[in-house]
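Visitor: No letters, just coordinates:
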């Protein structure tokens with residue numbers, strides 16, 4: 001692995017086309033999709049034909065090194081262009097790249113840049129754009145109409161030459177040399193200004209947020225398709241799953257482009273080997289998300305991105321718990337669409353920034369729609385971020401309480417940027433919100449069944465499955481300032497060499513996000529006869545963000561995770577792999593250390609009467 005903290009990797013990838021991969025092996029921002037902490041790449045693309053265009057400049061974390069590399073590139077000798085051949089087209093492009101490699105890697109004068117294409121706009125990217133415009137004020141910024149409006153607000157003091165692309169038939173940006181760029185709007189509530197760019201000459205689709213992954217390495221392309229599956233799925237679950245309906249619409253638009261031989265996303269390796277598999281996976285994941293029987297609404301507006309980050313974490317928890325999330329950006333959604341969702345949802349959470357001591361007008365309008373269309377027996381939640389005060393959060397809380405709605409969690413109030421612990425709390429809040437609704441529906445169904453003479457709510461099969469027994473254990477994990485724990489009884493040894501076992505973890509468990517491959521945790525085995533206090537402690541419901549170890553004696557393991565001093569034995573483990581199985585993940589882990597703390601104790605065993613619950 002490269003030991004540099006940050007650098008820029010520069011390589012030609014097609015005729016007249018060079019990628020600039022701004023790389024960091026460290027996590028850059030406190031956002032949920034970075035939580036796997038594998039670093040990231042911010043991919044930018046330069047096409048130099050008769051006219052030149054820069055596609056998707058990076059955020060301000062990379063501004064300085066990116067502009068330095070763009071003007072004075074110095075490619076590493078170990079990262080010479082590697083364009084594996086995959087079709088006749090690439091046989092031809094290999095010769096083209098060899099002919100033009102030297103000229104493409106020479107210094108580029110930003111003053112000669114004609115266009116910048118923005119797949120989306122956020123405050124970080126706006127800072128880089130501001131730096132570029134200071135050098136090249138003559139260039140034209142190409143973007144969607146929502147992005148243009150955002151730019152005018154973000155850069156009010158700058159004179160912008162804007163070219164708004166609506167994705168109309170026949171609308172192209174002609175760079176000469178055969179490069180006639182086409183544009184496809186791919187908006188989602190998180191990125192309402194989303195815009196994909198297609199170059200028919202090289203058959204590359206620049207997908208911005210779609211088909212990415214937050215991993216950092218030397219691989220330009222997705223040669224290691226299998227190794228990237230978990231990273232791509234996690235990225236999808238964080239950024240795309242709460243917007244499944246809009247993502248499906250974007251996929252349909254992308255399908256109309258042909259041929260597409262390369263996805264060039266904003267983050268991670270370029271998608272070449274797995275382009276069909278990944279496209280199909282996105283479709284399947286969207287359908288899976290839309291098929292959830294429970295639909296909840298998540299409404300928000302965001303001034304500087306912080307409230308949107310909180311919404312993203314809450315949505316992640318909701319999707320983990322098995323809900324179909326209708327994520328609504330109040331600033332970019334028609335009130336009629338909000339009303340349609342409000343009438344169908346089984347609960348809602350609404351968030352807002354505080355601007356000038358108030359909630360934005362769009363949030364106030366959305367709140368009025370909720371109050372008019374959602375019955376008060378539905379559950380609600382409130383969250384928001386602020387700089388100096390939090391009146392908007394108080395406003396939402398007071399209005400909903402006065403109307404008679406009940407809250408699942410206390411209003412979430414975050415000053416400035418959220419931390420890891422705050423994001424974990426938000427994720428847990430989203431999970432609790434859905435679980436509470438599900439439990440209420442389950443109780444109602446059980447009551448209806450018990451009212452029928454001779455009808456049992458537990459089937460014979462469920463009774464038989466309940467006779468399966470397992471050791472009672474506590475799984476504990478910690479990463480950075482985020483920690484969690486859970487009671488586990490579905491544990492089984494799986495291998496002798498290396499010593500390994502499997503543990504089943506429900507998809508909606510808070511600890512699930514800490515149990516991805518290469519993560520560390522401890523399996524604490526409980527002693528029979530004295531296990532009740534620990535079992536009761538970890539069985540009780542915890543509020544979002546509540547310390548699960550308060551009042552419990554622990555010590556720190558060599559892997560940094562908590563060890564329960566009252567456990568009869570413990571195993572320090574590393575997640576090797578995991579498999580999705582219905583409503584659970586089966587996590588296979590190898591044991592890297594451990595100790596018996598009470599050699600006389602027998603292991604506590606969990607006996608159940610039914611297999612439909614723990």
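Guide: In hand now; what should we look at? What you see is a predicted model; the values in this text were computed from it and never measured.

Visitor: part of a helix, is residue 46?
Guide: No - assigned with DSSP: H, G, I helix; E, B strand; the rest coil, residue 46 falls outside any helix and is strand.

Visitor: Distance of it relative to residue 257?
Guide: Going from residue 46 to residue 257 by Cβ to Cβ, to the nearest Å gives 21 Å. Heads up, the C-betas are built off the backbone N, CA and C, glycines and all.

Visitor: Could you do residue 302 as well?
Guide: The separation that residue 302 has from residue 257, given Cβ to Cβ, amounts to 30 Å.

Visitor: So between those two, which is more surrounded?
Guide: residue 302 (23 against 14; other Cβ atoms under 10 Å).

Visitor: where does that one land in three-state SS?
Guide: Going by three-state DSSP: residue 302 is coil.

Visitor: what's the answer for the one 5 residues further on, then?
Guide: Each residue gets one of three states, and residue 307 gets helix by three-state DSSP.

Visitor: Check it and give its pLDDT.
Guide: The model reports residue 307 with a pLDDT of 95.

Visitor: Now do it: how many residues are near it, please.
Guide: Neighbours of residue 307 using other Cβ under 10 Å come to 26.

Visitor: same deal with residue 547?
Guide: 11.

Visitor: Next: residue 148.
Guide: So residue 148, with other Cβ under 10 Å, has 19 neighbours.

Visitor: And for the one 3 residues further on?
Guide: Using other Cβ under 10 Å, residue 151 has 22 other residues around it.

Visitor: show me what contacts it?
Guide: Applying Cβ atoms under 8 Å, 6 or more residues apart in numbering to residue 151 gives the contacts 118, 121, 126, 129, 141, 143, 160, 162.

Visitor: And the residue nearest the centre of the chain, how far from residue 365?
Guide: The structure's the chain has its C-alpha centroid closest to residue 238; by Cα atoms, centre = their mean the separation is 2.1 Å. The spacing between residue 238 and residue 365, counted by Cβ to Cβ, is 28 Å.

Visitor: Report the residue spans of the stretch 251-400 of the chain with pLDDT below the cut-off.
Guide: Across the stretch 251-400 of the chain, not a single residue meets the criterion (pLDDT under 70).

Visitor: what about 90?
Guide: Scanning the stretch 251-400 of the chain for pLDDT under 90 picks out 258, 292-293, 303-305, 356, 387-389.

Visitor: cool, the stretch 501-614 of the chain as well?
Guide: In the stretch 501-614 of the chain, residues with pLDDT under 90: 508, 510, 513, 540-541, 543, 545, 580, 582-583, 606-614.

Visitor: ranges for the strands of it?
Guide: 520-525, 554-556, 562-564, 569-581, 584-596, 605-606 (DSSP state E, counting those that start in this stretch).

Visitor: want to throw those strands into JSON lines with distance to residue 184 and mean neighbour count?
Guide: Listed next are these as JSON lines, based on distance: least, Cβ to Cβ, whole Å; neighbours: other Cβ atoms under 10 Å:
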{"stretch": "strand 520-525", "distance to residue 184": "42", "mean neighbour count": "25"}
{"stretch": "strand 554-556", "distance to residue 184": "51", "mean neighbour count": "12"}
{"stretch": "strand 562-564", "distance to residue 184": "48", "mean neighbour count": "24"}
{"stretch": "strand 569-581", "distance to residue 184": "31", "mean neighbour count": "18"}
{"stretch": "strand 584-596", "distance to residue 184": "35", "mean neighbour count": "17"}
{"stretch": "strand 605-606", "distance to residue 184": "53", "mean neighbour count": "16"}
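
Visitor: Just send those back as TSV, with distance to residue 215 too.
Guide: Formatted as TSV, the strands of the stretch 501-614 of the chain follow (distance: least, Cβ to Cβ, whole Å):
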stretch	distance to residue 215
strand 520-525	19
strand 554-556	29
strand 562-564	28
strand 569-581	16
strand 584-596	20
strand 605-606	38
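
Visitor: so which of these gets nearest residue 203?
Guide: strand 569-581 (32.9 Å; Cβ to Cβ).

Visitor: helices or strands next to the closest one in the packing?
Guide: Judged by 3 or more Cβ pairs under 8 Å, 6 or more residues apart in numbering; DSSP states H and E, strand 569-581 is in contact with strand 500-506, strand 520-525, strand 562-564, strand 584-596.

Visitor: Out of those strands, flag the one nearest residue 243.
Guide: strand 584-596 (22.9 Å).

Visitor: chain center to the closest one: distance?
Guide: Its chain's C-alpha centre and that of strand 584-596 lie 26 Å apart, by Cα atoms, centre = their mean, to the nearest Å.

Visitor: what's next to that strand, contact-wise?
Guide: 490, 494-495, 498-507, 512, 515, 521, 523, 557-559, 568-579.

Visitor: Report the angle between that strand and strand 569-581.
Guide: 170 degrees (axes from the mean of the first three to the mean of the last three Cα atoms, to 10 degrees).
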